[in-house]
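Participant: Sequence plus the predicted model coming up.
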Amino acid sequence: MAVKGTEVTIARIYLTEGNKQAEVLLKRLHDWEQVRGVTIFRGIAGYGESGKIHTSKWVDLSLDLPVVVEFFDTPEKMEAIIDHLGDTIKPGHMLTWSARIND
Amino acid sequence: MAVKGTEVTIARIYLTEGNKQAEVLLKRLHDWEQVRGVTIFRGIAGYGESGKIHTSKWVDLSLDLPVVVEFFDTPEKMEAIIDHLGDTIKPGHMLTWSARIND
Amino acid sequence: MAVKGTEVTIARIYLTEGNKQAEVLLKRLHDWEQVRGVTIFRGIAGYGESGKIHTSKWVDLSLDLPVVVEFFDTPEKMEAIIDHLGDTIKPGHMLTWSARIND
């Protein structure tokens, strides 16, 4: 812990591109939860619980690439947000860890 | 902490694509700070302190996508680098955490 | 550590795009190690131990962009996997840290 700053919790939620989950989640985090910052990344390949590999090489799966929604805020706020999100996040699809933010 | 290795500090700096910040920062980390490794990622959507959502769907904002500059080095070196960067990183735009690197 | 959940270890392996390393690694993590989830991201610029900057701007290096293979599982399983991977991961090219997963 060499770096100073205030503690935050980072969350990463793993989705796929095929449906509008990421868009809905972004809107919710923005409008309702007013979380401090959100970034969405698209992977070029991957797989999750289904075990089915998604990759941009296979044309017919091109709408099914991994999408990661990453956001952070104070530990207290993150705990509340994650509690609100509840069942909308599938078990095993969200990682969280602690970090420091520059003030 | 199941995995062995030497401690490093990871930093992620959140920028947007519209200006040349990421390019300038990469050059600085490379030429001046000689940090061990740097990777820059572009998000497909997101928002930061302005609260304005940036997404690749809205053509007119296509140059304003989130960009994350990620780098890591020993805790001591990272502390010095972050100190050098000083005001060039806006408050609330850098996260840091500890990790282990394979030797 | 405000957020509940089971401990996992996250690993990020840093590669470049020019060869088929990422593809081989994904297949191995999927078929052999049966790791819980894997996501591969492509960076838009970066550099590693060679110090040579890779960026999508320079046409002749366009196949040499940074690629990050990220995966996670229980600490015990991750330790075993990383042990199996052994020399296939170059020193200084893998980061690991602890996180919590929603159950």
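Facilitator: Yes, it's here.
Participant: What about the residue in chain A that chain C sits nearest to, how many residues nearby?
Facilitator: Closest residue of chain A to chain C, CB to the nearest CB: residue A:75 (3.2 Å). No exception for glycine: its C-beta is placed from N, CA and C like everyone else's. Counted with other CB atoms under 10 Å in any protein chain shown, the neighbours of residue A:75 add up to 17.
Participant: I'd assumed residue A:11 was in contact with it.
Facilitator: No: the criterion here is CB atoms under 8 Å, and residue A:75 misses it with residue A:11 at 10.9 Å.
Participant: And the pLDDT at residue A:58?
Facilitator: On pLDDT, residue A:58 comes in at 50.
Participant: quick one, longest strand in chain A?
Facilitator: Longest strand in chain A, counting residues (DSSP state E): strand A:6-16.
Participant: And the strands in chain A?
Facilitator: So, for chain A - with DSSP E - the strands run A:6-16, A:37-42, A:45-47, A:54-55, A:66-73, A:94-101.
Participant: For the shortest one, give me every contacting residue.
Facilitator: For strand A:54-55, the surrounding residues in contact (CB atoms under 8 Å, 6 or more residues apart in numbering or on different chains) are A:16, A:43, A:44, A:45, A:46, A:47, A:61, A:64, A:65, A:66.
Participant: mind checking how far the lowest-mean-pLDDT helix or strand in chain A is from the chain centre?
Facilitator: Scoring the helices and strands of chain A by mean pLDDT, DSSP states H and E places strand A:54-55 at the bottom, with a mean of 78. Once both centres are worked out by CA atoms, centre = their mean, to the nearest Å, strand A:54-55 turns out to sit 18 Å from its chain's centre.
Participant: Distance check, residue A:84 against residue A:35.
Facilitator: 11 Å (CB to CB, to the nearest Å).
Participant: hmm, who's touching the longest strand of chain A?
Facilitator: Here strand A:6-16 has contacts from A:21-22, A:25, A:36, A:48, A:54, A:64-75, A:78-79, A:82, A:89, A:93-101, A:103, B:95, B:97, C:2-3, C:37, C:39, using CB under 8 Å, 6+ apart.
Participant: any weak-confidence spans in chain A?
Facilitator: A:1-3, A:57-63 (pLDDT under 70).
Participant: one step back: can I get the strands of chain A in a markdown table with mean neighbour count?
Facilitator: Shown next, in a markdown table, are the strands of chain A (neighbours: other CB atoms under 10 Å in any protein chain shown):
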| stretch | mean neighbour count |
| --- | --- |
| strand A:6-16 | 20 |
| strand A:37-42 | 23 |
| strand A:45-47 | 23 |
| strand A:54-55 | 22 |
| strand A:66-73 | 23 |
| strand A:94-101 | 21 |
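Participant: Include distance to residue C:31 when you put those strands into TSV, please.
Facilitator: Shown next, in TSV, are the strands of chain A (distance: least, CB to CB, whole Å):
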stretch	distance to residue C:31
strand A:6-16	20
strand A:37-42	24
strand A:45-47	11
strand A:54-55	14
strand A:66-73	18
strand A:94-101	23
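Participant: just checking, what packs against the longest helix that chain A contains?
Facilitator: Across chain A, the helix with the greatest residue count (assigned by DSSP state H) is helix A:75-85. Counting by 3 or more CB pairs under 8 Å, 6 or more residues apart in numbering or on different chains; DSSP states H and E, the packing neighbours recorded for helix A:75-85 are strand A:6-16, strand A:94-101.
Participant: Tell me which of the ones you listed sits nearest to residue C:30.
Facilitator: strand A:6-16 (15.3 Å; CB to CB).
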